[in-house]
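[1] What shape does this take:
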Amino acid sequence: MPDDELDQIEKAVRARPGITSSEIADVLGEQVPRRTLQFRLKRLVDDGRVLRKGAGRWARYSAPGAAPAPAQPEAAAEEAAVPLSPESQEIRAYLRQPLGARKPVGYNREFLNAYRPGETFYLPEGARARLAEIGARPVSGQPAGTYARQILNRLLIDLSWNSSRLEGNTYSLLETKRLIEFGQEAEGRERLEAQMILNHKDAVEFLVGNAAEIGFNRYTILNLHAILANNLLADERAAGRLRHIGVGIDGSVYHPPETPQLVEECFDQLLATAAATTDPFEQSFFVMVQLPYLQPFDDVNKRVSRMAANIPFIKANLSPLSFTDLPRGLYAHATLGV
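    Residues are numbered from 1 along each chain as shown. Prediction:
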């Protein structure tokens, strides 16, 4: 490898600690062909002249002894709370790029078609076994919803607060508790924030109160949307109804399907697939992946998916999922990453 090319790359890295290979290519222009840049970088890393952090094309490069790139405290705290694989870190790095640097994509129905209940698993067998172990409660054999009713007051507050928090709601846990238990709205907050929390409370009560009847069917999911979207949509008629319009996703270049017929077909297929999945944890995760991806409603899709993810746990008397301690930014990237 020509020494002058290696020197040019090293110089670019020293000038901007934390630079990506794409950014190095922009700096060098035509001096080093892009198709050979990765080989040059690998040589520099192997020789100890350049340090690499991360994996794939979004790895970042620095010179030994150089000042570290500016840290992102929020991201660091999130990844400390939930350790990520190199693949996940690469997805996050991609999603941090400006919208113009990402490739626009549309809905891929094959992602749904390829799922075969009992054969396809998003969660590895070991993870499902571990979740079953820690999610079990001493009420097996009891009617559906027995355990959820035993902890209803705590579930109402924890799930309503955390799910609302993931949407950017600014109520504290204590303020949420006062709102749910005493109807006291927090001062200085928008009325819509209180409405969002109270909608969650009503949704939890709907699921627990109808534990024997709920499932992955139109009755349950459309009712969940109607409850969660109550007084929050520009078009009130859209609450509890599949969308007839195209929608966009903030911070994303993904374009969900626009044809109402296709949305309806995929929605029914999604529900049938979820209903045919027997493992409750796989069932829950499948819905959290596929429902926001389809975006079957005008808005409030992620909230519906979080509530629907609890259906298997409520029916099977397993510990419900309240999303406690889940970092908001990490959850958003996980959803956008799909």
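[2] Please count neighbours and contacts with C-alpha atoms only from this point.
    Noted.
[3] can you pull out the strands in the protein?
    For the chain, the strands defined by DSSP state E cover 19-20, 51-53, 60-62, 105-106, 254-255.
[4] List of residues touching stretch 7-14?
    Contacts of stretch 7-14 with the rest of the structure, by Cα atoms under 8 Å, 6 or more residues apart in numbering, involve 19, 24, 27-28, 40-41, 44, 49-50, 61-63, 66.
[5] ok, now which ones touch Thr273?
    So Thr273 contacts Tyr115, Arg116, Pro117 (Cα under 8 Å, 6+ apart).
[6] Buried ones among those?
    Listed as buried from those are Tyr115, Pro117; burial here means 16 or more other Cα atoms under 10 Å.
[7] Now distance to Phe216 and pLDDT too, for the contacts of Thr273, in CSV please.
    Putting the contacts of Thr273 into CSV (distance: Cα to Cα, whole Å; pLDDT from 0 to 100) gives the following:
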residue, distance to Phe216, pLDDT
Tyr115, 16, 98
Arg116, 16, 98
Pro117, 14, 97
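[8] for the contacts of Thr273, which one is nearest Thr335?
    Nearest to Thr335 among the contacts of Thr273: Tyr115, at 18.3 Å, using Cα to Cα.
[9] so where is the stretch 51-200 of the chain shaky, pLDDT-wise?
    54-58, 66-75 (pLDDT under 70).
[10] hmm, try it at 50
    Applying pLDDT under 50 to the stretch 51-200 of the chain picks out residues 68-69, 71.
[11] How are the helices of it distributed by residue range?
    Using DSSP state H, counting those that start in this stretch, the helices of the stretch 51-200 of the chain run over 73-81, 86-95, 109-113, 125-135, 146-150, 152-165, 173-182, 191-209.
[12] Tell me the buried residues in the third one?
    The one in question is helix 109-113. Counting neighbours by 16+ other Cα under 10 Å, one finds that the buried residues in helix 109-113 are Leu112.
[13] Could I have the CA atoms of that helix written out in CSV?
    C-alpha atoms of helix 109-113 as CSV (Å, rounded to 0.1, in the frame of the first residue of the first chain):
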residue,chain,number,x,y,z
ARG,A,109,-44.8,-7.1,3.0
GLU,A,110,-42.5,-10.1,2.7
PHE,A,111,-41.2,-9.2,6.2
LEU,A,112,-44.7,-10.2,7.4
ASN,A,113,-45.3,-13.0,4.9
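[14] pretty sure Asn199 contacts Ile227?
    Yes. Counting by Cα atoms under 8 Å, Asn199 touches Ile227, with 5.9 Å between them.
[15] how about the contacts of stretch 7-14 in a markdown table, adding distance to Glu213?
    Shown next, in a markdown table, are the contacts of stretch 7-14 (distance: Cα to Cα, whole Å):
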| residue | distance to Glu213 |
| --- | --- |
| Ile19 | 55 |
| Ile24 | 58 |
| Val27 | 61 |
| Leu28 | 63 |
| Arg40 | 62 |
| Leu41 | 59 |
| Leu44 | 62 |
| Arg49 | 64 |
| Val50 | 60 |
| Tyr61 | 55 |
| Ser62 | 58 |
| Ala63 | 61 |
| Ala66 | 61 |
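[16] Using neighbour counts, trim those residues to the buried set.
    For the contacts of stretch 7-14, buried by 16+ other Cα under 10 Å: Ile19, Ile24, Leu28, Arg40, Leu41, Leu44, Arg49, Val50, Tyr61, Ser62, Ala63.
[17] contacting residues for the fourth one?
    Which is Arg40. Met1, Glu5, Leu6, Ile9.
[18] Kindly recompute the last result at 10 Å.
    Met1, Pro2, Glu5, Leu6, Ile9, Glu10, Val32, Asp46 (Cα atoms under 10 Å, 6 or more residues apart in numbering).
[19] same check, this time on Phe121
    Phe121 neighbours (Cα under 10 Å, 6+ apart): Tyr115, Arg128, Thr277, Asp279, Glu282, Gln283, Phe285, Phe286.
[20] what's the most distant pair in the buried ones among the contacts of stretch 7-14?
    Checking the buried ones among the contacts of stretch 7-14 with Cα to Cα, the most distant pair is Leu28 and Arg49, at 17.8 Å.
[21] what about Arg154, distance to Val204?
    11 Å (Cα to Cα, to the nearest Å).
[22] Then Asn217?
    17 Å.
[23] Pick out whichever of those two has more residues nearby.
    A side-by-side neighbour count of Asn217 and Val204, using other Cα atoms under 10 Å, places Val204 first with 25 against 16.
[24] pretty sure the more buried one contacts Asn310?
    Yes. Val204 is in contact with Asn310 according to Cα atoms under 10 Å; the separation is 9.2 Å.
[25] dump the residue contacts of the spatially closest residue to Ala276 that is not a sequence neighbour.
    Spatial nearest neighbour of Ala276, chain neighbours left out: Pro117 (6.0 Å); criterion: Cα to Cα, 6 or more residues apart in numbering. With contacts defined as Cα under 10 Å, 6+ apart, Pro117 is in contact with Ala272, Thr273, Ala274, Ala275, Ala276, Thr277, Thr278, Asp279, Glu282, Gln283.
[26] List only buried entries from those.
    Going by neighbour count (16+ other Cα under 10 Å), the contacts of Pro117 have Thr273, Ala274, Thr277, Asp279, Glu282, Gln283 buried.
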